[in-house]
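Chemist: When you get a sec, could you give me coordinates for this:
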Amino acid sequence: MMSFARLIHTFQSGTLSQDAFFSEIDRVLATGQVDCARLREVLDQTQTTQPLSDDIYAEVLKRIERCHDRTASAGDATRIHESTLRPEARPDIPSGFSSDAMSVGGERVKGIGDTLNGRFVLEECLGVGGMGTVYKALDLRKLEASDRKPHIAIKVLNVQFRGQPTSLIALQREARKAQTLAHRNIVTVYDFDRDGPLVYLTMEYLSGQPLSKVLRAPGFAGMPLESALPIIAGMGHALAYAHERGFVHCDFKPANVFLTDRGEVKVIDFGIARAFQRRDEDPDVTVFDPASLGGITPAYASPEMFEHLEPDPRDDVYALACVTYELLTGHHPFNRLSATQARHDHLRPERHPGLDRTQWRTLSAALSFDRATRTPSVNLFLEGMGVFKRPERASAARAGAAVGVCTVAAAAVLWYGYQALSRGGERRPVADPVVHASAGGGSDATASAAAGSAPAVAPAAVAVSAAAGEPPSAPAQVPAPAPTISLAAVMAALARIPCSALDASVQDHVLQVRGYAEAGVGIGRVRSALSGLAGGPAANLDVHPVDAHNCEVVSALAPYWRSNRSASHAASIRTRAPDAQLTEGNPLVIDITTPGYDSYVNVDYYVLNGSVVHLVPSSRERDNQAPPNYSATIGSMGEWVIGKPFGTEMIALLVTPAPLFDGMRPPSEPRAAYLAAIDRQLKQLEAKYGEGRIAADFIQITTHANSN
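Modeler: Take a look at the predicted model:
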């Protein structure tokens, strides 16, 4: 009786046709007398040493999964059945196969319908690969928190890792390192965990399709350069970002490029990336070999990878060039032969007529079989291909339409490269000039005109609505108009008020002042500032009180808060809690919006005890890059829970055109030290990009002890 492993080997040797191979598998599975879990174990074991092609492996796995589902529905989901099935002989097929070729300790492999660690329900098999199987999973914690997008993707690693503890440890270390890659074009691993013997990665769940599906579509003969450039740019930016941080992908290929149904480009499976030039972590690097874990695809691997040389960014340059050539022409530059075989056969890629001389020279150099003559960096490759000469964003949308992106899920290892904010995030239309915020959010404000063209302010009825507890004044009619005052003068006067962030606008010829001022004295200071102007304009005041211990935060961010309001950028932050009142044990869930330009998001929690806790970016939410006009929710997975001390605290959103800091800040630090640090950084960014490219918003929350 032939084992399942032997059947696979027989098929690979050419003795069996593909139809006969699948026919035999289907026939034996149909008997119901085979241990489906054991078949899955054997399939994964053989995939390590003699891998089937991706499409064949996927088909076999689908059949085994269906077998598993039938067994589970029969009420015997946990049974381990020892089969000695002997199918009747057929002339072109071996005498049957048995699933008991290997023992795995009687452990059942989890699949669709199972729950990992009591939290992740596996709902659908999305894809398979040399390292594992990717599932769509329901996160029960996100569901409990009423998250709008409760699904994630989970990669369950193949069972051969159980027998390779050294490789497993190395893989875990590499996955942890890869989590530091926070970029809009990289799908990042959320976490690396176990459920008993099962090892899995939690990842962002996306809608779209892998680039490999586009390239393998019937009739695909290449994409016009103009449509391909945004995809090339997305792939290149992801790799260049990783290289700058000391990582080489090592398995870059079309199947590891994902095109979302919104036209975004994501590079996936950075979890097997190897580090280079990181001498402080050499022990972690040397024990991990992607080739030994199925992390190399011959058609896209450089010759040096076959020779087991140390990883180098030029390995990824070669792979990127292969994918680019295939994207433009519809076929692989070396007919899918390995680099070593193509080099032996003296193959040369055929010139693509759609490229100019510089572009073709760049692509040819990147396809060199010798590192010494290969294009040395991804950025030089992108420059030579003309990526930096064309506007990218408009073309990206056209590219998304050109490839006909459909709705599937990413077989990936979080947000459009901004993982931290993808929890329920979605694009929103450009905001209307009037911005309305809920009571639990930032201050309600009507965007004013720019100071240089501000309308004149005529005196109007006075109505003070101060959240500081001061009763509103009775409306007073002004019998005759007084001299007009420019809005610029009003803004200048308000800006001089200490511990305040105030914005002025004119609505129906009435001056409106909204924002924040110090509790108890703020309203009086606003009135005094307005009365000191010529003509002393009256105004409607909607000013929220700021506790004295939060004054330094407001003062530090006030210029950027005012800039955000006056420029109608509409960066905002608000909490889901009614009236911003939270009780001990409540999750902290925050909604944010970003301004109308590419930005980096920073969210900080200023605690009552004088410290500041960094929510984004942080070890939990590493990625903080956002596209224009983006809405998102953070904290929906219960990452942060309200605890002591209790009182009035502040959460601030700070948006910058470039990263605020080069590296990650500590989880928490003294407030004064952090404010001094951001003051220095913001001045540098302001000098380089202008004040109008920095935006801030903040909210005060009140926390209470749980009375139960």
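Chemist: Quick check, P254 in contact with T324.
Modeler: No. Using CB atoms under 8 Å, P254 is not in contact with T324; the gap is 10.5 Å. From N, CA and C alone the C-beta is placed, and that goes for glycine too.
Chemist: okay, the two: which has more neighbours?
Modeler: A direct count of neighbours by other CB atoms under 10 Å for P254 and T324 places T324 higher, at 26 against 23.
Chemist: Phi first, then psi, for the nearest residue to the more buried one once chain neighbours are set aside.
Modeler: Among residues not flanking T324 along the chain, I232 sits closest, at 5.5 Å (CB to CB, 6 or more residues apart in numbering). Main-chain torsions, I232, degrees, to the nearest 10: phi -60, psi -40.
Chemist: Let me see the contact set for I232.
Modeler: In this structure, I232 makes contact with T324, L327, L382, M385, V387, judged by CB atoms under 8 Å, 6 or more residues apart in numbering.
Chemist: ok, and the closest non-adjacent residue to the third one?
Modeler: Translated: L382. Nearest residue to L382, sequence neighbours excluded (CB to CB, 6+ apart): G236, at 4.4 Å.
Chemist: repeat for the second one
Modeler: Using CB to CB, 6+ apart and skipping the chain neighbours, the partner closest in space to L327 is A228 (5.1 Å).
Chemist: Figure out the helix or strand that that neighbour lives in.
Modeler: Using DSSP states H and E, A228 sits within helix 225-244.
Chemist: could you give me the average pLDDT of that helix?
Modeler: For helix 225-244, mean pLDDT is 94.
Chemist: Which residues in that helix does the neighbour count mark as buried?
Modeler: Residues of helix 225-244 classed as buried: 225, 227-243 (neighbour count, 16 or more other CB atoms under 10 Å).
Chemist: ok, now stretch 690-697?
Modeler: G692, R693, I694, A695, A696, D697.
Chemist: Thought W561 was touching the last one, still the case?
Modeler: Yes. Using CB under 8 Å, D697 is in contact with W561, at 6.3 Å.
Chemist: contacting residues around P667?
Modeler: Counting by CB under 8 Å, 6+ apart, P667 touches V613, H614, S618, S619.
Chemist: among those residues, which ones are buried?
Modeler: The neighbour-count test (16+ other CB under 10 Å) marks V613, H614, S618 as buried among the contacts of P667.
Chemist: Out of these, which is nearest to L320?
Modeler: Taking CB to CB as the measure, L320 lies nearest S618 of the buried ones among the contacts of P667, at 31.2 Å.
Chemist: what about L337, neighbour count?
Modeler: 16.
Chemist: what are the phi and psi angles of Y300?
Modeler: Backbone geometry at Y300, expressed as degrees, to the nearest 10, gives phi -120, psi 0.
Chemist: Roughly how far does the closest residue to E639 other than its chain neighbours sit from L259?
Modeler: Spatial nearest neighbour of E639, excluding adjacent residues (CB to CB, 6+ apart): R620 at 5.1 Å. Distance, R620 to L259, by CB to CB, to the nearest Å: 28 Å.
Chemist: who has more neighbours, these two?
Modeler: Counted by other CB under 10 Å, R620 and L259 do not tie: L259 has more neighbours, with 25 against 17.
Chemist: Isn't that one up against I231?
Modeler: Yes. With contact defined as CB under 8 Å, L259 reaches I231; the gap is 7.1 Å.
Chemist: just checking, next helix/strand downstream of the helix or strand in which A489 is found?
Modeler: For A489, the host element (DSSP H and E) is helix 487-495. The first helix or strand that comes after helix 487-495 along the chain, using DSSP H and E, is strand 500-507.
Chemist: can you state the direction angle for that next one and helix 487-495?
Modeler: Angle between the axes of strand 500-507 and helix 487-495 is 160 degrees (criterion: axes from the mean of the first three to the mean of the last three CA atoms, to 10 degrees).
Chemist: Run through the neighbouring helices and strands of strand 500-507.
Modeler: Contacts defined by 3 or more CB pairs under 8 Å, 6 or more residues apart in numbering; DSSP states H and E place strand 500-507 against strand 445-446, helix 487-495, strand 510-518, helix 522-531, helix 551-566.
Chemist: and these, which is most packed in?
Modeler: By mean neighbour count, with neighbours taken as mean count of other CB atoms under 10 Å, strand 510-518 ranks first of the helices and strands packed on strand 500-507 at a mean of 24.
Chemist: Give the partner strands of that one in its sheet and their orientations.
Modeler: strand 500-507 (antiparallel), strand 540-546 (parallel) (DSSP bridges).
Chemist: Which of those strands sits closest to R314?
Modeler: Closest among the strands paired with strand 510-518, using CB to CB: strand 500-507, at 50.4 Å.
Chemist: Neighbours of G196, how many?
Modeler: Neighbour count of G196, defined by other CB under 10 Å: 10.
Chemist: Would you quantify the distance from it to K110?
Modeler: Computed as CB to CB, the G196 to K110 distance reads 9 Å.
Chemist: Could you look up the SS state of A676?
Modeler: helix (DSSP: H, G, I helix; E, B strand; the rest coil).
Chemist: So what's the predicted local confidence for it?
Modeler: pLDDT, A676: 93.
Chemist: what's the pLDDT at the residue nearest to E639?
Modeler: 74.
Chemist: would you say it is within a helix?
Modeler: No. R620 is assigned coil when assessed by three-state DSSP, not a helix.
Chemist: what are the phi and psi values for it?
Modeler: The phi/psi pair for R620 (degrees, to the nearest 10) is phi -90, psi -30.
Chemist: That one is in contact with G635, isn't it?
Modeler: No. Counting by CB under 8 Å, G635 is not a contact partner of R620; they are 9.5 Å apart.
Chemist: so L157 bridges to which residues?
Modeler: G132.
Chemist: How far does stretch 342-353 stretch from one end to the other?
Modeler: End-to-end span of stretch 342-353 (CA to CA, to the nearest Å): 22 Å.
Chemist: residues of it that come out buried?
Modeler: A342, R343, L347, P349, H352.
Chemist: and the residues you listed, which two are the farthest apart?
Modeler: R343 and H352 (20.7 Å).
Chemist: remind me which residues of the stretch 251-400 of the chain are low pLDDT?
Modeler: Along the stretch 251-400 of the chain, the parts satisfying pLDDT under 70 run over 271-295, 389-400.
Chemist: mind running it again at 50?
Modeler: 277-294, 390-400 (pLDDT under 50).
Chemist: The stretch 1-150 of the chain too?
Modeler: For the stretch 1-150 of the chain, applying pLDDT under 50 flags the ranges 1, 71-106.
Chemist: What ranges does it have for its helices?
Modeler: Taking DSSP state H, counting those that start in this stretch as the criterion, the stretch 1-150 of the chain carries its helices at 4-12, 18-30, 36-49, 54-73, 140-144.
Chemist: would you list those helices in a markdown table and tack on mean neighbour count and distance to D604?
Modeler: Formatted as a markdown table, the helices of the stretch 1-150 of the chain follow (neighbours: other CB atoms under 10 Å; distance: least, CB to CB, whole Å):
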| stretch | mean neighbour count | distance to D604 |
| --- | --- | --- |
| helix 4-12 | 20 | 55 |
| helix 18-30 | 16 | 56 |
| helix 36-49 | 23 | 45 |
| helix 54-73 | 18 | 44 |
| helix 140-144 | 16 | 24 |
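Chemist: Quick one: these as JSON lines, columns for distance to P657 too.
Modeler: Putting the helices of the stretch 1-150 of the chain into JSON lines (distance: least, CB to CB, whole Å) gives the following:
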{"stretch": "helix 4-12", "distance to P657": "54"}
{"stretch": "helix 18-30", "distance to P657": "54"}
{"stretch": "helix 36-49", "distance to P657": "46"}
{"stretch": "helix 54-73", "distance to P657": "41"}
{"stretch": "helix 140-144", "distance to P657": "31"}
